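*Asks:* Below are the sequence and a predicted model for it; my questions follow.
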Amino acid sequence: MTLTIPADGHYVLANASVPAAVMGDATSGALAKVDITVADGVITAIGPAGSPAAPHAIDLDGGIVLPAFVDLHTHLDKGHIWPRRQNPDGTWIGALMAVLEDRQANWAATDVERRMDFSLRCAYAHGTAAIRTHLDMAPPQHTITWDVFEAMRARWQGRVELQGVGLMGPDTILDPVALRAIATRIKAAGGVLGGSTAVHAENPRIMRALVEMAGELEMPIDLHTDESPDPAATALRALADAVIEAGFTGKVVAGHCCALANQPDDVAQATIARVAEAGIAVVSLPMCNMYLQDRHNADGIRTPRWRGVTPLNELKAAGVPVAIASDNTRDPFYAYGDLDGFEVLREGARILQFDHPQADAFAWSRSVGADPAAIADFAYTATLATNAPADLVVFGARNWTELMSRPQAERTVLRAGLAIDTTLPDYRELDDLMGSRP
């Protein structure tokens, strides 16, 4: 839906369909027909549709309005390297090695900066207002990437709110000197302490080291945990145990948690209960997880047997705060994607099957908005309320099935009440970084 917004920014979005979930009732997916009054960049009133006629009323005819999106888990430093460094077989280990090679060969500050900026321009055009990105910390990359990230955060202030997570491997976390040095740099940048582990004999020690460092430096935690099909992966349980045993009270997020879906029901339920007790939030990355997990290309003929995602519905039912997010974008870990919050919601509904009963399904619209905003403590709350910023995404679709059936390329994105240019950057801009044209 293409809208003509008055230049003074004073108008009413009349006959809008808005999920109750983004207006205060977090458990209801019912669509309410409302009129939204906007002035001076904020929402000044929300009332039932059919309120007395107002000047500059724009009739949406039931079109759905959502808050601008929040993307809780991305990798802006890896984005868009696919044309020069592909995944040879589509597997997780293939991706890991391809990124390692590309990072060592190419990740100078100018390379990282240009790809980050390109990614942020895509996200902004699609309607995203806040992003948390994981950043590879393998020395000496940590000294390069944090400088770039801090510059990008300042450049994008007021358009996309950015948070950074320092991503460390098990060997770094188990090295007290390296852990402290990198954690100190992350702290100086106002970042989040992060890492990645799945099947590892030292998971309890890894998690305890991270939690203790986060407690000492008063930092939040965001980890890749159990990004593996192996039911022997124990990182999530070890993280919950470490948080509880250390009495850690800071924010903790666990990403992926794929192995949980392959564990026996009693083991999975015990872990879920422990995660809820620890107050850990879980973010699922449905598109990337389905792309990488259960991929066996040794003979090239095996179809995957599972979707690769964590049991997110069960986690939510147990009281665990949950969200879904983009993860990687056009790199060896995920060859596709464009940091589009609506694509995440649309594909998440299909992959995770949270779309029925449809009367309740729109409560999941919070999973790319208000819920990750609260999990990460973003200043932007991704809710529709009086005095909230008029950062909105307006669709022509009038109900769940209409919204989910098309990519919604004709959406209107409003920031501070005004329509932004939603023209996406051309991939050709990055040709010189890729070494050759495709």
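*Replies:* Done, it's in. All figures in this text were calculated on a predicted structure; none of them were measured in a lab. Numbering: from 1, shown residues only.

*Asks:* a helix runs through residue 361, doesn't it?
*Replies:* Yes - counting by DSSP: H, G, I helix; E, B strand; the rest coil, residue 361 is located in a helix.

*Asks:* low pLDDT regions in the protein?
*Replies:* Within the chain, the ranges that satisfy pLDDT under 70 run 1, 53, 297-300, 436-438.

*Asks:* max-length helix in it?
*Replies:* helix 109-126 (DSSP state H).

*Asks:* helices and strands around the helix or strand following that helix, which ones?
*Replies:* In the C-terminal direction, the helix or strand that comes right after helix 109-126 (DSSP states H and E) is strand 128-136. Applying 3 or more C-beta pairs under 8 Å, 6 or more residues apart in numbering; DSSP states H and E, we find strand 128-136 packed against strand 69-74, helix 141-155, strand 161-168, strand 221-225, helix 370-376. Where C-beta positions appear, they are placed from N, C-alpha and C, glycine not excepted.

*Asks:* what does the first one contact?
*Replies:* Right, the one you point to is strand 69-74. 119, 123, 126-134, 222, 253, 255, 283, 285, 323, 325-329, 339, 341-342, 344, 368-370, 372-373, 375-376, 378, 380, 382, 393 (C-beta atoms under 8 Å, 6 or more residues apart in numbering).

*Asks:* Of the residues you listed, keep whichever come out buried.
*Replies:* By neighbour count, with 16 or more other C-beta atoms under 10 Å, those hold 119, 123, 126-134, 222, 253, 255, 283, 285, 323, 325-329, 339, 341-342, 344, 368-370, 372-373, 375-376, 378, 380, 382, 393 as buried.

*Asks:* how distant is the longest helix of the chain from the center of its chain?
*Replies:* 16 Å (C-alpha atoms, centre = their mean, to the nearest Å).

*Asks:* And that helix, what's buried?
*Replies:* Buried residues in helix 109-126 (16+ other C-beta under 10 Å): 111-126.

*Asks:* I'd like to know which elements that helix is packed against.
*Replies:* Other helices and strands packing on helix 109-126, by 3+ C-beta pairs under 8 Å, 6+ apart, are strand 69-74, helix 141-155, helix 341-352, helix 431-434.

*Asks:* Which residues does the helix or strand containing residue 239 contact?
*Replies:* Element membership for residue 239, per DSSP H and E: helix 235-246. Contacts to helix 235-246, defined as C-beta under 8 Å, 6+ apart, come from residues 197-198, 200, 203-204, 206-208, 210-212, 215, 223, 225-226, 248, 252, 254, 257, 259-260, 270-271, 274-275, 277-280.

*Asks:* returning to that earlier point: check the helices and strands packed on strand 128-136 for me and report the most buried one.
*Replies:* Among those, ranked by average contacts under mean count of other C-beta atoms under 10 Å, first place goes to strand 69-74 (a mean of 28).
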